[in-house]
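Participant: A structural model of the following input is requested.
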Amino acid sequence: MIRRSIEAPLRAALEDTPVVLLVGARQTGKSTLASTVVKGPEADYLTFDEPTLLAAARADPPRFISDLSGAAVLDEVQRVPEIFLPIKAAVDRDRTPGRFLLTGSANPLFVPEVADALAGRMEVLTLSPFSQAELEGRFGTLMTRTLFDSQRPRPPRRAKREELAARIVRGGFPEAVDREDDERRGRWFSSYLTTILERDVRAVADIARLEQLPSVLTAIALRSRGPSNKSALSQDLGIPVSSIDRYLALLERVFLVRRLPAWHNRLGPRLVKGPKLLLCDPGLLCHLMRWDVGRLSSDRDVFGLALESFVGMELAKAADVEGGSTRVMHYRTSKGAEIDFVLEAADGQVAAVEVKGASHVEASDIRHMSRLREALGPRFVRGVVLYAGEQVVSLGDGLEAWPLPVLWGDA
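Facilitator: Model prediction:
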């Protein structure tokens with residue numbers, strides 16, 4: 001079994017927090033991880049995907065919770081938001097750490113009553129599809145830590161464009177990773193989207209035009225290199241802006257879309273405040289766009305778009321493991337200057353990342369990071385261009401070029 005980087009933070013949370021909520025897209029391995037960390041004959045493992053348990057919990061939530069003894073894993077809790085108040089009451093009577101491990105494929109915290117019920121009593125962790133480090137067996141490797149480390153990474157082995165393309169197309173969903181045949185992987189992605197839309201989205205919202213959501217996802221993928229523009233999406237799809245707002249909220253709630261906020265600094269120029277939206281998995285992106293390894297290998301523009309999304313999600317996965325101590329954002333000024341990703345640590349230190357699919361780096365690739373370094377002074381720790389070359393190269397004070405395999409610690 002592939003080990004998950006978030007396992008250690010999850011175990012730590014269960015040691016000192018009465019309720020832990022593990023959320024993430026369906027089929028990312030939440031149930032497997034939960035059953036790994038909560039074991040023993042006294043532990044209850046219950047899933048609300050089972051109709052009888054779902055009916056029992058909905059019929060009498062307080063009794064359902066009071067009948068539990070010992071530690072309990074409650075799977076797919078977003079289907080029964082009514083149980084959160086009884087869980088609160090149970091925890092208020094007995095705050096033993098690790099009493100409840102909840103999992104959800106749709107984020108129940110989007111419901112204000114649910115979020116308020118367990119404030120101060122619950123820790124939330126996010127499990128994404130496999131990171132590249134996890135797939136390589138380096139489950140403790142976090143790119144976010146590497147960026148803020150004062151040491152330069154060792155030069156990794158070079159990854160050719162075909163290998164990078166294969167990693168992007170494969171993605172990180174466990175079922176997709178296990179399928180080496182492209183057609184079989186494509187069929188899994190198709191079934192996965194159908195399940196999400198017909199089951200999870202319909203369960204959390206009354207949407208009459210579910211068939212529009214794949215088109216919305218595709219449009220988001222095409223525009224993922226810049227800040228979101230709901231008016232442009234509305235025009236492209238012929239859907240009212242009010243509907244776009246609702247669709248985006250739903251896609252984020254079921255973890256198909258990841259929102260990266262805009263980085264801002266009071267002393268800097270006027271900045272674009274719109275978030276950057278990424279699909280949760282590059283394999284899903286390629287499936288929607290009908291891109292295979294051959295297309296990514298031969299088309300520079302297509303490869304660049306997919307690669308940027310791939311890197312962004314790798315950074316976001318690492319930040320999730322760190323529990324929010326590092327935020328992944330993007331940077332763009334009103335005059336068009338932009339940096340693909342800006343990471344800010346809890347102490348205010350900043351690192352910047354540019355993504356380039358070419359095997360060489362030019363002066364133009366670092367000019368915006370240079371200006372950010374000058375504006376921030378000592379707060380700016382490092383600016384890195386991740387590229388398809390093979391050398392770790394200095395580009396000036398605090399600016400470097402790193403080969404892409406540094407992402408997964410392939411030194």
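
Participant: distance of residue 274 from residue 226?
Facilitator: Taking Cβ to Cβ, to the nearest Å as the measure, residue 274 falls 9 Å from residue 226. No exception for glycine: its C-beta is placed from N, CA and C like everyone else's.

Participant: and if you look at residue 116?
Facilitator: Distance, residue 116 to residue 226, using Cβ to Cβ: 35 Å.

Participant: For these two, work out which one has more neighbours and name it.
Facilitator: Neighbours were tallied for residue 116 and for residue 226 using other Cβ atoms under 10 Å; the higher tally belongs to residue 226 (15 against 12).

Participant: Pull the contacting residues for the more buried one.
Facilitator: Neighbouring residues of residue 226 by Cβ atoms under 8 Å, 6 or more residues apart in numbering: 276, 332, 338.

Participant: and those as JSON lines, adding distance to residue 363?
Facilitator: Compiled in JSON lines, the contacts of residue 226 are given as follows (distance: Cβ to Cβ, whole Å):
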{"residue": "276", "distance to residue 363": "25"}
{"residue": "332", "distance to residue 363": "20"}
{"residue": "338", "distance to residue 363": "16"}
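
Participant: What ranges in the stretch 1-150 of the chain fall below the confidence cut-off?
Facilitator: 40-42 (pLDDT under 70).

Participant: and with 90 instead?
Facilitator: Across the stretch 1-150 of the chain, the stretches falling below the confidence threshold (pLDDT under 90) are 1, 35, 38-44, 69-71, 78-79, 81, 106-121, 138-146, 149-150.

Participant: all strands for it, in order.
Facilitator: Defined through DSSP state E, counting those that start in this stretch, the strands belonging to the stretch 1-150 of the chain, from first to last, are 19-23, 44-47, 72-75, 100-104, 122-126.

Participant: In terms of helices and strands, where is residue 231?
Facilitator: helix 230-237 (DSSP states H and E).

Participant: Quick check: buried residues in stretch 3-17?
Facilitator: Along stretch 3-17, these residues count as buried under the neighbour rule (16 or more other Cβ atoms under 10 Å): 4-7, 9-10, 13-14, 17.

Participant: I should have written stretch 318-336 there, sorry.
Facilitator: Residues of stretch 318-336 classed as buried by neighbour count (16+ other Cβ under 10 Å): 318-323, 326-332.

Participant: Could you dump those into a markdown table and include secondary structure, pLDDT and distance to residue 291?
Facilitator: As requested, the buried residues of stretch 318-336 are arranged in a markdown table below (DSSP: H, G, I helix; E, B strand; the rest coil; pLDDT from 0 to 100; distance: Cβ to Cβ, whole Å):
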| residue | secondary structure | pLDDT | distance to residue 291 |
| --- | --- | --- | --- |
| 318 | helix | 94 | 25 |
| 319 | helix | 94 | 26 |
| 320 | helix | 94 | 26 |
| 321 | helix | 93 | 28 |
| 322 | coil | 90 | 31 |
| 323 | coil | 85 | 33 |
| 326 | strand | 93 | 30 |
| 327 | strand | 94 | 30 |
| 328 | strand | 95 | 24 |
| 329 | strand | 94 | 27 |
| 330 | strand | 93 | 23 |
| 331 | strand | 91 | 27 |
| 332 | strand | 88 | 25 |
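
Participant: between those, which is closest to residue 377?
Facilitator: The closest of the buried residues of stretch 318-336 to residue 377 turns out to be residue 331 (Cβ to Cβ; 16.4 Å).
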